[in-house]
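# sequence? don't have it. structure:
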């Protein structure tokens, strides 16, 4: 009877050890370093305005915002409407929240012990996400939105 109980206990311990091992492998295989891509899409009114501009005017909008200089371009009157301004401000807040979530993302907050490879993978992913955001900030939609505001 005792020998049978010991065999069952040993078998149960072996199964639990295998399950822990599988769980550890699963956790290690998950791509925890992946950070979300951020899309900074302008509101419809900005997109509509950009479509009406020439390619040169769009480039001038982007260049003026990147260099912080003023630009002589006519901004449509509908951007003064309260509804349009509110939608642009909400979109700007969402952009800020999305960017902040990536910039403040910290590997240590995930509460797991990490290998050096995990750390390198995380920081590379964060660097790529920040580069992607930087590219988004240079788009004509973002530059036109900041110009209007």
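Yep, it's here. What you see is a predicted model, and the numbers here were worked out from it, not measured in a lab.
# Counting neighbours, what do you get for residue 62?
18 (other C-beta atoms under 10 Å). No exception for glycine: its C-beta is placed from N, CA and C like everyone else's.
# and if you look at residue 85?
Applying other C-beta under 10 Å, I find that residue 85 has 16 neighbouring residues.
# Now it. Nearest residue, chain neighbours left out?
residue 79 (7.1 Å; C-beta to C-beta, 6 or more residues apart in numbering).
# got a pLDDT number for the one you found?
Model confidence at residue 79, given as pLDDT, is 92.
# swap in residue 131?
94.
# hmm, back to that, using the three-state scheme, assign the residue nearest to residue 85.
helix (DSSP: H, G, I helix; E, B strand; the rest coil).
# Quick check: it vs residue 89, distance?
Noted for residue 79: a distance of 12 Å to residue 89, by C-beta to C-beta, to the nearest Å.
# rewinding a little: next, work out how far apart the residue nearest to residue 85 and residue 49 are.
8 Å.
# between the two, which one's more packed in?
Neighbour count, other C-beta under 10 Å: between residue 79 and residue 49, residue 49 has more, with 23 against 18.
# Excluding chain neighbours, what is closest to that one?
That would be residue 76: by C-beta to C-beta, 6+ apart, it lies 5.7 Å from residue 49.
# Past whichever helix or strand residue 119 is part of, which element shows up next along the chain?
Element membership of residue 119 [criterion: DSSP states H and E] is helix 116-137. Scanning forward in sequence from helix 116-137 by DSSP H and E, the next helix or strand is helix 140-148.
# got the contact list for that following helix?
Outside helix 140-148, the residues that touch it by C-beta atoms under 8 Å, 6 or more residues apart in numbering are 40-43, 46-47, 49-50, 58-59, 61-62, 64-66, 71, 73, 75, 79, 88, 91-92, 95, 136.
# Selecting buried members of those in ChimeraX, what would you type?
Remark: buried members of the contacts of helix 140-148, expressed as a ChimeraX selection using 16 or more other C-beta atoms under 10 Å:
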select :40,42,43,46,49,50,58,61,62,64,65,79,88,91,92,95,136
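# what's the longest helix in the chain?
Looking across the chain with DSSP state H, the single longest helix is helix 2-29.
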